[in-house]
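K.L.:
sequence plus the predicted model coming up.
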Amino acid sequence: MDKPYDKKCIDCGELPPPTETNFTLISDRHGWRLRRYRNDAGKVLFEWRCPECWTRFRAAGGAVRQQ
Ligand SMILES: [Zn+2]
């Protein structure tokens, strides 16, 4: 299926806590992060990361997953 994005951590596969909106999920309370990027075909994709993986991602300079 061609969903706009999978709402789970792209690094560890953890599912986010159930929230009413994405905005709630990325708030300080939950600490998840949504990153938007464009793939080679020019399609805009979304990556969710849990707080731990986001910390690792940033510590690595935001280049953990180069594709
Ligand atoms: Zn994770």
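P.N.:
Thanks, I have the structure now.
K.L.:
what segments of the protein are helices?
P.N.:
For the chain, applying DSSP state H gives helices covering 22-25, 51-59.
K.L.:
quick one, which of these is nearest to residue 44?
P.N.:
helix 22-25 (15.0 Å; C-beta to C-beta). Quick note: C-beta positions are derived from backbone N, CA and C, even for glycine.
K.L.:
got the contact list for the residue of the chain most remote from its centre?
P.N.:
Relative to the C-alpha centroid of the chain, counting by C-alpha atoms, centre = their mean, residue 41 is the outermost residue, at 19.6 Å. Residues near residue 41 by C-beta atoms under 8 Å, 6 or more residues apart in numbering: none.
K.L.:
kindly reformat the helices of the chain as CSV containing mean neighbour count.
P.N.:
Formatted as CSV, the helices of the chain follow (neighbours: other C-beta atoms under 10 Å):
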stretch, mean neighbour count
helix 22-25, 14
helix 51-59, 15
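K.L.:
could you dump those helices to JSON lines with distance to the ion and mean pLDDT?
P.N.:
As requested, those are exported to JSON lines (distance: least, C-beta to the ion, whole Å; pLDDT from 0 to 100):
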{"stretch": "helix 22-25", "distance to the ion": "13", "mean pLDDT": "88"}
{"stretch": "helix 51-59", "distance to the ion": "3", "mean pLDDT": "93"}
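K.L.:
any chance of these in TSV with distance to residue 14 as columns?
P.N.:
Formatted as TSV, these follow (distance: least, C-beta to C-beta, whole Å):
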stretch	distance to residue 14
helix 22-25	12
helix 51-59	8
